[in-house]
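In: this one's sequence-less:
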Ligand SMILES: Cc1ncc(C[n+]2csc(CCOP(=O)(O)OP(=O)(O)O)c2C)c(N)n1
């Protein structure tokens, strides 16, 4: 016997069958049994060199063929599914045709259905019938694409779900009527907008109308199974329709926004309100009982950037933080839904970063439901210009996410996909993707001419009936509707919109969510001192370890030292890490939960934090901030994956969803923050002015020129400062452990009263520097100071000619310099907070020096970086005609720092020398810039 075309892998399958037959002849069907009775495995030719003649008894050949055919349909059936509503034929695959296996339908009819297996076999009388049913499941208007799912239980479940049809919606008269009503509403909304505001951009959903009923299905299904929060993220396409119909944003408000109203001066100037275009707006709705919520955060134009934000929001929505210990997350309570573009999903890297979060501790949400609203175009770009994968959804395969491609013109198939998605997610707590394949009825926006680039496609679209029209025709043919009833439904929905439009009073209807800033005087202020006794109790609590826990020797010694750091109240025993831990612990003791994430944060990049100890014998972990006796809220800490945009977006979302939690993200080195620049620009610094959000996310960004080269020196403070507008961000570069302690406590205290994102430029080598250490009394008294005067210079204020203003690490370089001792005419004042500019505090300090000739801003960053360009106009205004203003910096440069440590030291020394040289002159050739920008003293006196 020869296996003919079933060599190789298929031979293996025959052998398996044969072994089964040998063990138990009854375990294979009668025909296979008969064939094997006259066959031996020695007849297998593993590598036939000449064409083999197929003299296989038909039954064995057919048995093998039938099983492989069934398997191929399950794996590759989607390649033959009619997924394009515009009729492009599927690419197909030879493995799906009976003929490819050298068998006929007649052969299949002689074989039992059990060879095909699964639910279809149970209701079929032959393999032929079962295969036909499989084809209807896998090759119709749904393409089940799950063969890449590795977990057998999941694959079996998916297979059974697809083949049993148990998620196929019962299109009984009531649900049919409801569906027709819904898609009529969706279509009429777009048509009304087109008629009322012709050509105005709205990014119509038309061509993907089923998106709305699918979201209905997902949201109600999730709510039925206990999800309290659904968070939906989506871009422009179909957003207005989803806002109106899923988020229940009033028609009147949407219509008023089409009139582009100009808001009052108070909103624009006093409160910094800028607003955003209507198709970026967010909304939130709750069920009539108030038990379930659907939220759609606002969205910037930057496609897919909202993905991690939504996932972070969903994580926060399912997290309980009011108990000490780790935060408790319940996946059943929350559901993230992300709607992607078919060009953006494969194109934007943040998609992969977000998918990578899906199963990670601290980031997992119990599964996101993804829908690609696939209109087969990205603006003008075609699929072959947009992705290298076979489908727009290809990336999801690598994450083992089940994918269902579905033709958007088949309502029942679309609803089945939606049901399958939430059932799978609920059961396996993993992501699911629906590739909803439709078309785009108009241009990219409604003023755009699509026929310039897609003439053939748009000829087809012009003649293509809408999904509502097709569905209505079917119902009319079935006698379930009449042309008149269908038309009445259209009129009814027009009527509602017309009424809303007629009642429109734009200024009154529009209520932008403008947050009021804290009242003047109260902004940024909080009592943050912690009595020494309380600190001692907390510190003692932190030192209590689980019985028998074996610490690493070095860390054990560190813990020993920690025990006594509060004993002597006026000795500098508090270093940066101790201040941070005491700040965190006291915040937790005050009942404010904390979430701290970033690359390697558990230990700290510079091995200073050790928030998580590892038992050197058992590997068990111990987190003192989760177990100390005084804690009254949760402490969450996670080493993040190696991502910036994804994880910062996630923390932003977490933060806005749970504004009462102190959410902190730490960069490995500050410069890596630029990997998240879109999140910073589009969300962190601007979301208040655009959307009325009030983030309070904290960024810890190691910063300072220490000779580590261009990439490990600067957290690029200039980028944050360029976006600073007084009421959107705080940027701090503080110089002592106590300042850091008060700063963290202030941020926690202001979460509700005066929330703003906080950027802290944190030390690296200075983490353990004695000049940065503080006394316990400095924690027990006082508060964060935005400006720190030079106490020594203040004693001799009348002889001070130059005041050097600086921030952060360069201050330590100055005071550690041997030139400091002889510089009696120079004072060194620290600007601990760069933004909002501490005008009042700095003026008070300047007022104390009446003989000043010059204020110098000293920074170690190049002239075009650091804080100089932010400070310059503010210092000019403040100093006015008091004296001159000078700056000292590295020379203007394309790169933040020198690439050599020795070169760095030379430049750094020059900077310091220049600060102490009263006869300073421009030193362009030295790599350092020292320049008086004007001499107001001379010109204005
Ligand atoms: C990050 C980013 N790059 C470029 C653009 C400009 N842009 C807006 S829509 C669009 C096409 C998007 O295509 P697709 O993802 O398929 O969504 P569709 O508009 O077709 O629904 C482009 C390139 C953008 N908004 N965001």
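Out: Right, received. Where do you want to start? The model shown is predicted, which means the values in this text are computed figures rather than measured ones. Residues are numbered from 1 along each chain as shown.
In: So which bits of the stretch 201-350 of the chain are right by the ligand?
Out: Residues of the stretch 201-350 of the chain lying near the ligand by C-beta under 6 Å from any ligand atom: 237, 301, 302, 303, 341, 342, 343, 344, 348. Every C-beta, even on glycine, is put in place using the N, C-alpha and C of the backbone.
In: wait, what's in contact with the fifth one?
Out: If I follow you right, that is residue 341. By C-beta atoms under 8 Å, 6 or more residues apart in numbering, the contact list for residue 341 reads 235, 237, 303, 304, 372, 373, 378.
In: what about the fourth one, how many residues close to it?
Out: Read it as residue 304. Burial of residue 304 is recorded as 25 neighbouring residues (other C-beta atoms under 10 Å).
In: ok, it - contacts?
Out: Residue 304 touches 235, 340, 341, 344, 345, 348, 350, 351, 354, counting by C-beta under 8 Å, 6+ apart.
In: Which members of the residues you listed occur in strands, if any?
Out: Using DSSP state E, the subset of the contacts of residue 304 located in strands is 340, 341.
In: What residues does residue 756 make contact with?
Out: 694, 695, 696, 727, 728, 729, 730, 750.
In: For the third one, which non-adjacent residue is spatially closest?
Out: Right, the one you point to is residue 696. Counting by C-beta to C-beta, 6 or more residues apart in numbering, residue 696 lies nearest to residue 755, which is 3.7 Å off, once chain neighbours are set aside.
In: Give me the distance between the helix or strand harbouring residue 690 and the centre of its chain.
Out: Assigning secondary structure by DSSP states H and E places residue 690 in helix 687-691. The chain centre lies 18 Å from the centre of helix 687-691; the measure is C-alpha atoms, centre = their mean, to the nearest Å.
In: what does it rub up against?
Out: Taking C-beta under 8 Å, 6+ apart as the rule, helix 687-691 contacts 272-276, 280-282, 298, 300, 513, 515, 656, 693-695, 725, 727-728.
In: Chain neighbours aside, what residue packs nearest to residue 682?
Out: residue 300 (3.8 Å).
In: Specify the local secondary structure of that neighbour.
Out: coil (DSSP: H, G, I helix; E, B strand; the rest coil).
In: list the contacts for it?
Out: Per C-beta under 8 Å, 6+ apart, neighbours of residue 300: 280, 306, 678, 682, 683, 690.
In: The fifth one: what secondary structure?
Out: Of the three states, residue 683 takes helix under three-state DSSP.
In: circling back to that earlier point, what helix or strand is the residue nearest to residue 696 on?
Out: According to DSSP H and E, residue 755 maps onto no helix or strand at all.
In: give me the number of residues near it?
Out: Neighbour tally, residue 755, other C-beta under 10 Å: 21.
In: Identify those among the contacts of residue 304 that sit within helices.
Out: 344, 345, 350, 351, 354 (DSSP state H).
In: Which members of the residues you listed define the maximum pairwise distance?
Out: For these, the farthest-apart pair by C-beta to C-beta is 344 and 354; their separation is 12.2 Å.
In: of the two, who's got more company?
Out: Ranked by neighbour count (other C-beta under 10 Å), residue 344 and residue 354 place residue 354 first, with 32 against 22.
In: Give me the distance between that one and the ligand.
Out: Going from residue 354 to the ligand by C-beta to the nearest ligand atom, to the nearest Å gives 14 Å.
In: Name the nearest residue to that residue, sequence neighbours excluded.
Out: Per C-beta to C-beta, 6+ apart, closest to residue 354 is residue 307, 4.1 Å.
In: And for that neighbour, the neighbour number?
Out: So residue 307, with other C-beta under 10 Å, has 30 neighbours.
In: got the contact list for it?
Out: 233, 338, 340, 350, 351, 354, 646, 649.
In: Bridging across strands, which residues link to whichever residue of the stretch 351-500 of the chain sits closest to the ligand?
Out: At 3.3 Å from the ligand, residue 378 is the closest residue in the stretch 351-500 of the chain, using C-beta to the nearest ligand atom. Counting by DSSP bridges, residue 378 is bridged to residue 381.
In: need the contact list for it.
Out: 341, 342, 343, 344, 347, 385, 386.
In: Format the residues you listed as CSV; extra columns: pLDDT and distance to residue 878.
Out: Listed next are those as CSV, based on pLDDT from 0 to 100; distance: C-beta to C-beta, whole Å:
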residue, pLDDT, distance to residue 878
341, 98, 48
342, 98, 53
343, 98, 50
344, 98, 46
347, 98, 47
385, 98, 54
386, 98, 52
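In: Buried ones among the residues you listed?
Out: 341, 342, 343, 344, 347, 386 (16 or more other C-beta atoms under 10 Å).
In: Please identify which of those is nearest to residue 711.
Out: Ranked by distance to residue 711 (C-beta to C-beta), the buried ones among the contacts of residue 378 are led by residue 347 at 26.5 Å.
In: Test my guess that that closest one contacts residue 387.
Out: Yes - the pair residue 347 / residue 387 is scored as a contact, 7.1 Å apart, by C-beta atoms under 8 Å.
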